[in-house]
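J.: got a predicted structure here, sequence first:
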Amino acid sequence: MTAAEVATAVTGVEAWLDDRFAHLEKLSQDFTALLTLDEAGRLDLGETVRRRLRALAVRYLADNAVVDGCGLIFARSVLSFERGHLEWWVREDETRFARYSFGVVPGADRYYDYEHHEWFIRAFHEGTPALVGPYIDYLGVEAYVLTLTVPANVGGVRVGAIGNDIQVADLEAELLPLLQRSGTEMALIGRHGNVLVGNSSRFLAGVFVPDALDGFTRKRLGPEGADVQLVYRTD
């Protein structure tokens, strides 16, 4: 493998990651432009606002075929009711999109305590882009997914996170051709060392890759905070 082959893979994967987070940042700007805080610092989530949010989400899903679901995840601290709230839409097929309802009442069936998930903590509390997974999304599409999030701010106040899900199968369709062209073993791994996508049986999605792997080198890619690395054979 030549340095040029590595550089080509790095450039392609990094461009893809930057593009995905740029689209998500734009969605965050569009979503939060529709939101206002009252004098008590609570959000207005009336029916008109929710209709406009839905229109933006549907357009985003239609324009981004790799995305399986997207939406806003609100911190309970900015809501006028104690339970949590998500405005989340999923792809039913190429032309149909639907709002997904989560169990946000403590003690209720399939209760979703989203504020304790890493993708929310990193975007809301740490204020950084996050890429989390892969994991089985039992409460949504029940498939192997990645979740990307960015902070959601209204009038200088952090109100939650904006996110989207990408199924691992769709991620592989996007990135595997880039890795296969390198001519060597290569994988994209997440913050906790788990494979996102790889081009060999050593690097199956979800497999843990130790920090020290003989004959391999790591390179950090993507926006700061996403904590994504490319692992590739050098011997």
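T.: Ah, there it is.
J.: can you tell me the SS state at the residue nearest to Arg50 when sequence neighbours are not counted?
T.: Sequence neighbours aside, Glu87 is the residue nearest to Arg50 in space, at 6.5 Å (criterion: C-beta to C-beta, 6 or more residues apart in numbering). The way it works is simple: take the backbone N, C-alpha and C, and place the C-beta from them, glycine included. Put simply, Glu87 is strand when judged by DSSP: H, G, I helix; E, B strand; the rest coil.
J.: can I see the domain layout of the chain?
T.: Listed by automatic domain parsing, the domain ranges of the chain are 13-166, 170-233.
J.: check the offset of the longest helix along the chain from the chain's centre.
T.: When the chain is parsed with DSSP state H, its longest helix is helix 3-32. Chain-centre distance of helix 3-32: 12 Å, with C-alpha atoms, centre = their mean, to the nearest Å.
J.: may I see the buried residues of that helix?
T.: Within helix 3-32, the residues scored as buried using 16 or more other C-beta atoms under 10 Å are 6, 9-10, 12-14, 16-17, 20-21, 23-24, 27-28, 30-32.
J.: and what of stretch 135-151?
T.: So, applying 16+ other C-beta under 10 Å, buried residues of stretch 135-151: Tyr135, Asp137, Gly140, Val141, Tyr144, Val145, Leu146, Thr147, Leu148, Thr149, Val150, Pro151.
J.: same deal with stretch 121-128?
T.: Ile121, Arg122, Ala123, Phe124.
J.: for that stretch, measure first residue to last.
T.: End-to-end distance for stretch 121-128, by C-alpha to C-alpha, to the nearest Å: 9 Å.
J.: what's next to it, contact-wise?
T.: 75, 115, 129-130, 132, 149-152, 158, 160-163, 224-226 (C-beta atoms under 8 Å, 6 or more residues apart in numbering).
J.: tell me where this structure is predicted with low confidence.
T.: For the chain, applying pLDDT under 70 flags the ranges 1-2, 82, 138-142.
J.: which residue ranges of it form strands?
T.: Assigned by DSSP state E, the strands in the chain fall at 69-74, 85-91, 97-99, 130-136, 144-154, 157-167, 186-189, 195-198, 216-221, 228-233.
J.: out of those strands, which is closest to Asp63?
T.: strand 69-74 (10.8 Å; C-beta to C-beta).
J.: which outside residues touch the closest one?
T.: Strand 69-74 is contacted from outside by 27, 31, 43, 53, 57, 60-61, 84-91, 100, 114, 120, 140-141, 149, 152, 159-165, using C-beta under 8 Å, 6+ apart.
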